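Participant: what shape does this take:
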Amino acid sequence: MKLASLASILGVTLVLSACTTPSVTAQSYDQVYESYLQGHLEMLKTQAPWMTEAQRLAHAKAQADEVIKSLKAQERLGGVVPPVLVPLLQPPAVDASKPVEVPQPAQSAAQTLVPQPQPSATSAQAEPTTLSNASSQSEAPVTAPEKGAQEESLAGTYVIEGGSYSMTVEQEGNALVVVDGNKRSRYEPQGDGSYRYYNPVSGSTFSLRFDDHGRVEADRVPSEGTPSILARVDAPIAADAATDNQAHLAIAQRYSELAQNDPDNAQAWTMCAAVAFKRSQSDGEDFSRYARQMADNLKLMDANGNPCSDAIPDVYW
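Facilitator: Presented below is the predicted three-dimensional model:
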């Protein structure tokens, strides 16, 4: 996604600047600030993966401050005062010299400079498992996927728990290829049993870790402590999930176009697009929390009714 498009999507959270509430108390400002902050963090986590958690929090706080300033200004002036848009951090430039771009198990300086002797049966039992040990045929830890049937069994379609997002995993030798729409990402096997892919565009490394129950943990490296859990499904369920995912993405696209063609209501339409996009990724509790936050913000603009029930279900209005 281009940075300009991302800035347009992130602008959805500036919807609060269009509020025309005649009187806003200090307590209301606090509520708006917290609601906006959480919604903006959700947006950044999905749309700006190159930013660290600290950077996302700092950006969300700065933008929330600008929103509150605009609300107070428009209450004084009696008209809409658009908030200042805080610039996003640019994605890191691709640097081929960085070792993280090569998703291979790292070697220590000692391993690089001094040839390692072959471990005896006694020493192999006494030594702790290292990356180099994990990659050997005889000393592979139990967490590493075995060659053959277990490795082949990783291929299939996986759907995120509590959502409609799906991805297809294909086997290519020892590596895995994740197919997500028209994008193909090659994940290389690691010594700890996981698979990793480095995205040169965002500068981020992603991992997949499979268990014995047909599930996979998808996470960033280093982990932020909130991996996504996907479960392998059969063909009919995968087809249904893919259909739902495409339907929600189509709704998001339609409201994005409305935002471009109807500038008077651009902020509301962009918000509807953002919620539809969120639903394409997850329709569980994560989506419910996000939909409620955005519905509350829309009500501050216009309490007459839900402007996009196909994006925000009426149950959240």
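Participant: got a list of contacts for stretch 212-227?
Facilitator: 49, 53, 156, 158, 169, 196, 204-211, 228-232 (Cβ atoms under 8 Å, 6 or more residues apart in numbering). All C-beta atoms are positioned from the backbone trio N, CA, C, and that covers glycine.
Participant: quick one: which of those residues sit in strands?
Facilitator: Per DSSP state E, strands hold the following members of those: 156, 158, 169, 196, 204-210, 228-232.
Participant: for residue 60, state which of those is nearest.
Facilitator: residue 204 (19.0 Å; Cβ to Cβ).
Participant: who's that closest one bridged to?
Facilitator: When bridges are called by DSSP bridges, residue 204 pairs up with residue 199.
Participant: can you count the residues close to it?
Facilitator: 17 (other Cβ atoms under 10 Å).
Participant: who's in contact with it?
Facilitator: 49, 50, 198, 220, 221.
Participant: so what's it scoring on pLDDT?
Facilitator: Reported pLDDT at residue 204 in the predicted model: 87.
Participant: likewise the one 5 residues further on?
Facilitator: Here, the pLDDT recorded for residue 209 equals 92.
Participant: that one and residue 202, how far apart?
Facilitator: Residue 209 is 20 Å from residue 202, where distance means Cβ to Cβ, to the nearest Å.
Participant: same question, residue 32
Facilitator: 31 Å.
Participant: the two - which one has more neighbours?
Facilitator: residue 32 (21 against 17).
Participant: remind me what the helix or strand harbouring that one packs against, helices and strands.
Facilitator: Element membership of residue 32 [criterion: DSSP states H and E] is helix 26-47. Packed against helix 26-47 by the contact rule (3 or more Cβ pairs under 8 Å, 6 or more residues apart in numbering; DSSP states H and E) you find helix 3-10, helix 53-77, helix 266-281, helix 285-301.
Participant: which one of the ones you listed is the most hemmed in?
Facilitator: helix 266-281 (a mean of 24; mean count of other Cβ atoms under 10 Å).
Participant: relative orientation of that helix and strand 228-233 in degrees?
Facilitator: Interaxial angle, helix 266-281 versus strand 228-233 (axes from the mean of the first three to the mean of the last three Cα atoms, to 10 degrees): 50 degrees.
Participant: cool, thanks, signing off.
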